[in-house]
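coords please:
(chains A, B and C, ligands or ions: 8)
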Amino acid sequence: MHPAPSVIIFTTLSGLGFGLIFWMGLGYPGVTGLTAFIFFTLAYLLAVGGLIASTFHLGHPERALKAFTQWRTSWLSREGWLSVITLILMAVYGAGLVFLATRWNWLGYIGAALSLATVYATSMIYCQLKTVPRWNHWSTPLMFLTFSVAGGALLAGQPRFALPLLAMAGLVQVYVWIDGDGRLNRSGHTIATATGLGRIGKVRAFEPPHTGTNYLMKEMVHVVGRRHASRLRAIALLAGFGAPIVLLTLPFGHIWAAVAILSHLIGVFASRWLFFAEAEHVVGLYYGKRRAA
Amino acid sequence: MTALPKTTDRKLGLVIDLDTCVGCHACVVSCKGWNTENYGAPLADIDAYGADPVGTFLNRVHSYEVTPVEGPAQTIHFPKSCLHCEDAPCVTVCPTGASYKRSEDGIVLVNESACIGCGLCAWACPYGAREMDGAAKVMKKCTLCIDRIYNENLPEIDRTPACVRTCPSGARHFGDFADPESNVSVLTRERGGMDLMPEQGTKPTNKYLPPRNKDALRSADPAAPVLRPVTDEPRGFLGWLDRALSAMPGGND
Amino acid sequence: MNQPVVNLSPRVSDEIRKTTCYMCACRCGINVHMKEGKVAYIEGNRDHPVNRGVLCAKGSAGIMQINAPSRLRKPLKRVGPRGSGAFEEISWDEALQIATDWLKPIRDESPEKLAFFTGRDQSQSFTSLWAQAYGTPNYAAHGGFCSVNMAAGGIYTMGGAFWEFGQPDWDHTKLFLIFGVAEDHDSNPIKIGIGQIKARGARIVGINPIRSGYNAVADDWYGITPGTDGLLILSLVHVLMKAGKVDLDYLARFTNASCLVNEDPKSPQNGLLLRDENGQPLVIDRRTGKPAPWNGQGVEPDLSATLREKGVTHRPVFHHMAARYLGDDYAPEAVAERTGISADRIRTLAAEIARVAFDEPVELDREWTDFRGKKHRTMLGRPVSMHAMRGISAHSNGFQTARALHMLQILIGAVETPGGMRFKPPYPKPATAHPKPHCKVTPGKPLDGPHLGYVQGPDDLCLTADGNPARIDKAFSWENPMSAHGLMHMVISNAHAGDPYKIDTLFLYMANMAWNSSMNTAGTMQMLTDKDENGDYVIPRIIYSDAYSSEMVAYADLVLPDTTYLERHDCISLLDRPICEADGVADAIRWPVIEPDRDVRGFQSVLCDLGARLALPGFVNDDGSQKYADYADYITNHIRRPGIGPLAGWRMGENGVQHGRGGANAAQLDTYIKNGGFWIEHIPHEAAYFKPWSNEYQAWAVKMGFYDSPQPYIFQLYAEPLRRFQLAAEGEGNRQPPEHLRQRILDTMDPLPIWYAPFEDSRVDTSEFTVHALTQRPMAMYHSWGTQNAWLRQIHGRNPLYVPTKIWEANGFADGDWARVTSAHGAIVVPVAHMAALNENTVWTWNAIGKRKGTWALADDAPEATKGFLLNHLIHELLPPKGDGMRWANSDPVTGQAAWFDLRVKIEKSPPPDEAQPAFAPIKSPVGRGPKNLTWKVGK
Ligand SMILES: Nc1nc2c(c(=O)[nH]1)N[C@H]1C(S)=C(S)[C@@H](COP(=O)(O)OP(=O)(O)OC[C@H]3O[C@@H](n4cnc5c(=O)[nH]c(N)nc54)[C@H](O)[C@@H]3O)O[C@H]1N2
Ligand SMILES: Nc1nc2c(c(=O)[nH]1)N[C@H]1C(S)=C(S)[C@@H](COP(=O)(O)OP(=O)(O)OC[C@H]3O[C@@H](n4cnc5c(=O)[nH]c(N)nc54)[C@H](O)[C@@H]3O)O[C@H]1N2
Ligand code: SF4
Ligand code: SF4
Ligand code: SF4
Ligand code: SF4
Ligand code: SF4
Ligand SMILES: [Mo]
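Numbering: from 1, shown residues only, chains lettered A, B, ... in the order given. Ligands and ions are numbered 1, 2, ... in the order given. The predicted model follows:
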């Protein structure tokens, strides 16, 4: 799939933002007043910034409100509702913390749950797509959720949670890659089933329908070089999880924490780029465009 | 509107005959012409006269090569447009309800004025049947020529999709699959009409008729001549000729 | 949940205007839907005999053609060097004045110094009339580089060929063999036919090195080695004859297989048919055992009886055929290796032909009477049909191969019988009923007759008093005696070489000669720009009419911008190449369904004007005024022969309107328009088959005005005109070929079909140039003129060289690779792609996709110019030298047909260049560039 910056930014930032909100809802860190304000501002900047970024890839952002109508069936619509409800609810909760120095626990827990639900809904936008076998798997929400809570813990300054969660997210990531690589092959979708011609013999795409490119090719058929991919995987793993873990185990310091967060952010960006770029859409079968298995 | 209708009264769709399609792209261009002028925004062409022209097309013709175990490779031309799936994933993913499946005839349509151009429906379609228009920034797809098939301004005989009407070799057929006696149902039955990527569970309405067996003109035993010579003698042919001629009417009669 | 309301019955158009498509030469009927005076949508006309409602990709894309940014806007006068594209727009008055000033003096002195050649012209009966009135012998259209082998092979053999001459009997055929066809002129009809017979379950066999298009849907594919169809066909003939699977009755009655050959070695007529005192070929009448004229009433020709006279036995043609084709040379085993088809597959194909022809005949319950007066109670047919085009035609052995193919059809009795091949009126028409070529020049006067025609022997050649070619293209000379369509591909090269003489003005119409319709394209551009020692262009003046900014435009000194096909009158006439079907005679018009928005004029109308300015007879009235105001006026009022005009429908008779013959009718064009732009009259039921021999058909043909008296004839399996040239080469007669051509004439002009290897094979080292290189037409593109079409160019915007698996693997090619392809003449560097369904020694590409930078209003970095390429750079109009100092044309020795497909190459991997090689400097666009994006919509 085309690794559009808008969706990479959207999923990365809002994942982190809702991760932070999740921890705030649970009361980590248990801050109030200005400190709470700073944490909330950061969380909202990330979450809302991500959501706004997501509208950049819309053909008609001015109609974005229509996206709230189909919550019964559409994960995108649900994600919209969940994020808005979460943000509103947690704004109330945050106001309590900042202005009243009061923590409405039950509200925090609900908000935390809604944060997770939001991230889950985001992941389901991708996970639901049978057309992208790499995504169409329980590990997709798991990955989004572990990334979100691990990153959130990191931002919330909770090394206690962050360390194991980062390690877990790293492991999930490794699993997602290893298992994901074979998923299209295992899915049973081949050029033979795509065309129904397999019963005659070995099928090969001969000519594309047009010599020029088209929306589908640009959007769905993105081919990443192998070397490029392994390099990015290394970056994603080391920067996203390895380095923050090491930094967190070092004696604590704000600078180091900032570096860890930055490193994590870079890693997650790389991971998300790969998430899209390495995802092969079955329509590529019709174009004979498949990365060698 | 992104809920799929439980059932549709009719199931309109196409049968595409892969045995007959010569790959002429006539259906591609008539579709482009009709739909540029009709339903919704025109189908745009970006960089139309430049280095990288990218236009919106609702129907495209691929070609494949199939190599059987025995015999030469075969070329198969393969037109593809929206299959108007019964379980259309493109519909259920749509956040705005712009994508919908009509309950009366099963046609899957995009209501362009509600479309935010998020592209998700195109991601959800396994067949590459949806294209985001480069200028209008809304999702375009085959409408099954909904503005032709019921159009009272057209003579009855022309109330058929543009691509079907134009196909020179008659490889495209339009009809109602809900009616077991319709042309499309009969063809599907008789010629083993198949689904594309059935494992996606989309239950496409459109069916493809597979190519017939090819390259059968070879004898089981190449050593045995299939046509027996009339004679083995060097001058025997003229003798045979005279015999054959005298056996024919029209001589001394 | 409520669904949006969709307008199910939107207004489709304000009005439908019915005219004839010209996105290619197939000439389908179209319904042009208009909204507010603009073209909104084009669809096929269901009533039209050619396309019956369907339309191809090009046809539907007409909107993008008539609105293309590449359309010329005003007459152009060259201001920069030739080839630069620097022009100045001028008025029509100035343009026509220039043309008159150039053409008038040469007409008065030596009219042959004007060479007027028209390319994809559909008004040849008009343009040739103009050229004839002008007085130059140098006129032809594009047939010589196109398919004259097919046309001449058919006409000389059976008085008709494929495309506008004939078609399979789609209603009855059960086995259809298609040789060397990618797209054909009969574009939609063939597709309709294939669809129709497929639905019936008939078998289709494709004989073609490349399995795409029609060959992809064929049930059986014979991936033949290029240039060897003649061998395959003669081998089928061998097997069929040997098994006695031939239609003896048909051969005896309807062909000259029963005619006696003069076998007297001392006779000056040796090898010609024996004739009676009236000059009629003789057969032995089975009733009497005595010689009788072939057409005698009641005669029953004997296929086998011989005639012994003065110690010489004269045998019928059929004996000669047996002697030749039963020989082991043509046994499947003997030809398998060269054709690339196994003996088993040749035999099974022959068996299948025999099975369908003789075990599954079609018999129609219709009575008819043949020209000998014999009544036939039914119409018995052999439901095997065949079709062929340039895969056979565009080889230097194409004429003989075409003849071989027709012989095969005739042997099994499958021409003009139900289920076989049927002629389209005004065919059948034997070669002898066509005019002969004329070349007598008189300064200031018209030519002595039509330029083109069908020679019957050396006497009919177009030679000067000293025996040199009279025409600039050397048509009807000893080099290619039966060049019925001229040799357009030799005009520029001969004019440049001054061989046979120099010319002054080259006047071209609708032919992209500086690019895809030339062999040796770079050389041709050079010839067009070469200057002599005085600094003058070697070809002094070039006038060109095009509608678009093509490559050729840049090489003209004066450009006459034409209208597009929806902006003008045209006439698809029975005098020319009509649109008839086997069941009916038909013709059609185009008319201005829109008005030009530029200062352009229909070329034919311009010729009416120019003809008057030059005071050409037939183009001025007695008082010297212009005779035809425009082409529409000509179409309506021109009388060719009494009662015959350009259009056969709705002519004026004594008792009102009638069809076929009649006087001019002022309302004729309007009536055509009302009728959908065409006219058709169906052939009577009982005249629908056996047309060359059927009294019923002949009477109808006379009534319709095809000829003035019945013209029955028999098929010429044995072609005497060929033998007459051989006789001359043997020293007979006083018109003698030059020495260097004697042997070639003897070898190639055999009166019975033969096969010889394509010429290029004997001129290049076939162990070095092991690979055959071909082109095919894409169904969605028309030569160069499809490229300017924003929709079509997305389908074919570049053209890889398709390489078969064996060569692909041997070179270690991978997707995205490039190759250097070299012929004896030149080299190109081009992108490659893999194709498995391809003859293992053949590479190919799409024709005419590659474009020159700066043309067609495209961006300079358009893929057509950077990745697209022409194979033409590898093909020379002359064969590689063989050390005899002669210029041997790369053409068929009989007809002069350009041998595009004889090409031999070698191929090797190349590092990817920046762009396909050779690359040429950009041309300055006379029309600017196209807009960036298109969102086309005419309505509201
Ligand atoms: N390598 C290779 N070369 C080939 C062939 C091949 O098979 N292989 N095939 C050969 C054959 S058979 C042919 S027929 C030729 C065809 O080659 P051409 O006869 O050159 O055909 P086109 O490229 O269609 O170009 C004809 C010209 O007509 C112009 N034109 C289009 N419409 C109009 C109009 O309405 N009025 C006027 N005045 N001009 C118009 C176009 O702009 C173009 O410049 O190519 C030959 N060249
Ligand atoms: N869409 C479209 N239609 C056209 C045209 C166009 O440009 N576009 N051009 C028109 C013109 S001018 C013409 S002349 C006609 C030509 O129509 P076609 O005769 O169909 O011409 P080509 O496309 O040159 O195809 C030649 C075919 O012959 C095959 N071939 C080559 N060599 C051999 C051989 O030795 N043996 C056999 N058996 N096959 C061989 C090639 O593989 C190819 O399939 O098409 C006309 N129709
Ligand atoms: S129009 Fe018909 S034959 Fe041509 S590509 Fe489309 S389906 Fe195939
Ligand atoms: S083919 Fe694609 S766009 Fe059409 S209904 Fe099925 S899933 Fe939706
Ligand atoms: S692109 Fe339009 S139709 Fe498709 S899912 Fe998004 S809003 Fe719905
Ligand atoms: S049914 Fe209409 S919209 Fe669909 S592919 Fe055919 S022409 Fe295009
Ligand atoms: S075949 Fe196509 S381009 Fe040619 S005349 Fe017919 S519709 Fe027009
Ligand atoms: Mo041609």
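
make it CA atoms for all contacts and neighbour counts henceforth
Fine.

Specify the local secondary structure of C:Asn295.
coil (DSSP: H, G, I helix; E, B strand; the rest coil).

What distance do you get for it to C:Phe318?
Between C:Asn295 and C:Phe318 the distance is 18 Å, computed by CA to CA, to the nearest Å.

thought B:Met139 was touching B:Met132?
Yes: using CA atoms under 8 Å, B:Met139 is in contact with B:Met132, at 4.4 Å.

between those two, what contacts are shared?
Here B:Met139 and B:Met132 have B:117, B:119 as joint contacts, going by CA atoms under 8 Å, 6 or more residues apart in numbering or on different chains.

Show me the helices in the stretch 401-550 of chain C, by range?
Assigned by DSSP state H, counting those that start in this stretch, the stretch 401-550 of chain C shows helices spanning C:488-497, C:521-529.

Sorry, slip of the keys, the one I care about is chain B.
For chain B, applying DSSP state H gives helices covering B:26-37, B:89-92, B:120-124, B:146-149, B:162-166, B:183-191, B:236-246.

Any figure for the gap between the closest residue to C:Trp755 other than its chain neighbours and C:His238?
With sequence-adjacent residues excluded and distances taken as CA to CA, 6 or more residues apart in numbering or on different chains, C:Trp755 is closest to C:Gly230, at 5.3 Å. Applying CA to CA, the value for C:Gly230 to C:His238 is 12 Å.

just B:Gly106 next, same as before
Noted for B:Gly106: a distance of 59 Å to C:His238, by CA to CA.

the more surrounded of those two?
Neighbour count, other CA atoms under 10 Å in any protein chain shown: between B:Gly106 and C:His238, C:His238 has more, with 26 against 23.

what about the nearest residue to B:Val108 once chain neighbours are set aside, how many neighbours?
Of all residues not flanking B:Val108 in the chain, B:Lys101 sits nearest, at 4.2 Å (CA to CA, 6+ apart). Residues lying near B:Lys101 (other CA under 10 Å) number 27.

wait, isn't B:Lys101 in contact with B:Ile107?
Yes: the pair B:Lys101 and B:Ile107 passes the contact test of CA under 8 Å, sitting 5.5 Å apart.

which residues touch the residue nearest to B:Val108?
By CA under 8 Å, 6+ apart, B:Lys101 lies in contact with B:2, B:4-5, B:88, B:91, B:107-109.

Phi and psi next, for residue 70.
All of this refers to chain A. Torsion angles at A:Gln70 (phi, psi; degrees, to the nearest 10) stand at phi -110, psi 40.

right, is the lowest-mean-pLDDT helix or strand in chain B up against chain C?
Lowest by mean pLDDT, DSSP states H and E among the helices and strands of chain B is helix B:236-246, with a mean of 93. Yes: judged by CA under 8 Å from any CA of the partner chain, helix B:236-246 comes into contact with chain C through B:237-238, B:241-242, B:245.

give me the number of residues near C:Val821?
Quick note: C:Val821 (other CA under 10 Å) scores 23 neighbours.

Spell out the secondary structure type for the closest residue to it other than its chain neighbours.
Spatial nearest neighbour of C:Val821, excluding adjacent residues (CA to CA, 6+ apart): C:Ile907 at 4.5 Å. On the three-state scheme (three-state DSSP), C:Ile907 is labelled strand.

Tell me, how many residues neighbour A:Ile88?
Going by other CA under 10 Å, the residues that sit close to A:Ile88 add up to 13.

hang on, I meant C:Lys242
23.

Next one: the residue nearest the centre of chain C, what pLDDT does it get?
In chain C, the residue lying closest to the centroid (CA atoms, centre = their mean) is C:Ser147, at 3.7 Å. Model confidence at C:Ser147, given as pLDDT, is 93.

which ones are touching it?
C:389-390, C:393-394, C:897.

go on, A:Leu142?
A:Leu142 sits in contact with A:Val172, where contact means CA under 8 Å, 6+ apart.

just to revisit the earlier point, wait, which of the contacts of B:Lys101 is closest to ligand 4?
B:Ala88 (4.6 Å; CA to the nearest ligand atom).

what's the neighbour count on the closest residue to the closest one other than its chain neighbours?
Nearest residue to B:Ala88 in three dimensions, chain neighbours excluded: B:Thr202, at 5.7 Å (CA to CA, 6+ apart). Residues within reach of B:Thr202, counting by other CA under 10 Å, total 20.

Next to ligand 5 in this structure, residues from the stretch 51-200 of chain B, please.
Taking CA under 6 Å from any ligand atom as the contact definition, the stretch 51-200 of chain B meets ligand 5 at B:94-96, B:98-99, B:110, B:115-121, B:139.
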